[in-house]
Structure formats: C-alpha cells, structure tokens
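Visitor: Kindly return the folded structure for what I paste below:
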Amino acid sequence: MTRASGLILGLGGVGVLVGWSPEPLDKTVLYSVLFSLGAALAYGFGGLYAARVGKGVQPLTLAIGQQFGAAIWLLPLVAVFPPPERPTMAAVLSVLGLSLVCTAFAYLLYFRLIASVGAVRTVSVTFLVPVFGILWGVIFLHESVYLNTIAGLGIVLLSILLIGGRARKAVGQKGA
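Guide: Got it, this is the predicted structure:
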C-alpha cells in the first residue's frame, strides 16, 4: 500500500513540478505532456515486464538481448530513411559512444537493479527525470524557478522514499 501511495504521490509531484507555469496551454504543450506521460507509462510497464519475463536470466544476457532487439527493429529504417549525407567519423564515434557507454551500460545496470531491488524501486527513479530537466533548464537556459518547482521536488523526493521503503521503516520505528 505504501509503494502504491508513493507511485501516486510521485505522479502528483511531477504534476506540481511542471504545472502552474506561465506557459500557455496550446496544442504543442498538450501533445508534449500526453506523449511524455505515455513514455513514462510504457517505461513503467517495461520494467514490470522485464522483471517478470527476465526472472532467472542474467542481467548481461537481458541487456545484450534488449540492445540486439532494438537494432533488429531500427536497422531496417536506415534503408527506408537513409541519412541525407554520409556521417562524419566524429558523428559515428559519438553514436557508438552513446550506444555502448550510455545505453548498453545503463541497461546492464537497469536489469541488475530489477533483479536485485525489484521493478517498482528501479523504475521509481524516473520520477527524478523532470527534476533534472528543470535543473538543467535553470543552469543552462536560465529558466525561472517557481514555488511549485520547490514543492514538486519535495513531493517527488518523498514519493521515492515511500517507494524505496526507507520512509516505511522510519514510520514503523516511530510507531513501535
């Protein structure tokens, strides 16, 4: 029950974090929100699916299989939508670096976390994505921070504590 409350609280915290801004709610903003929520939902279901289907499978095997499966789906698109010009060596090395270091290594950690702490705890860190998005916006784009930004951050961090179990243990100790 506490984890479910944490998940709902985290979703609400993200809403508080990104809501109440002076941005007008036009079609582009609404589509962006809709697709972002859809991606988050797919990511959450993906974690649960990986935990169920990957039970007993080594994280390295899951990470390799996931990357290989993505390549099988994406490579045919290169034939359909070829690049307009030949990529430079810097671009090729950048893509290789991103795919090997950032994506492949991240998925190895992801599947290892799913196996060791469970899908819900692993996926709960995605609540931090909007927090860091706002942080980078403040640092690099000089965007403003509003009261809802601070309130949303606090709610998101509390939700992660609830999901992770630390808050439950602390509450249980106080009641004992």
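Visitor: pLDDT of whichever strand or helix holds Tyr31, averaged?
Guide: In this structure, Tyr31 sits in helix 27-53 according to DSSP states H and E. For helix 27-53, the mean per-residue pLDDT is 82.
Visitor: Ok, stretch 81-94 next?
Guide: pLDDT averaged over stretch 81-94 gives 92.
Visitor: Can you give me the end-to-end span of that stretch?
Guide: Criterion C-alpha to C-alpha, to the nearest Å; first-to-last residue distance in stretch 81-94 is 20 Å.
Visitor: Would you mind measuring from the spatially most central residue of the chain to Pro59?
Guide: Of all residues in the chain, the one closest to the mean position by C-alpha atoms, centre = their mean is Thr126, 3.4 Å from it. Applying C-beta to C-beta, to the nearest Å, the value for Thr126 to Pro59 is 18 Å. Heads up, the C-betas are built off the backbone N, CA and C, glycines and all.
Visitor: what about the helices in the chain?
Guide: 2-18, 27-53, 59-80, 89-97, 105-117, 119-124, 128-141, 147-164, 166-175 (DSSP state H).
Visitor: most packed of those?
Guide: Compared across the helices of the chain, helix 119-124 shows the largest average neighbour count, a mean of 21 (mean count of other C-beta atoms under 10 Å).
Visitor: Against which helices or strands is that helix packed?
Guide: In terms of contacts (3 or more C-beta pairs under 8 Å, 6 or more residues apart in numbering; DSSP states H and E), helix 119-124 is packed against helix 2-18, helix 27-53, helix 105-117, helix 147-164.
Visitor: Make JSON lines out of those and add distance to Ile134.
Guide: Formatted as JSON lines, these follow (distance: least, C-beta to C-beta, whole Å):
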{"stretch": "helix 2-18", "distance to Ile134": "7"}
{"stretch": "helix 27-53", "distance to Ile134": "13"}
{"stretch": "helix 105-117", "distance to Ile134": "21"}
{"stretch": "helix 147-164", "distance to Ile134": "6"}
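Visitor: out of those helices, nearest to Leu96?
Guide: Of all the helices and strands packed on helix 119-124, helix 105-117 sits nearest to Leu96, with 12.7 Å by C-beta to C-beta.
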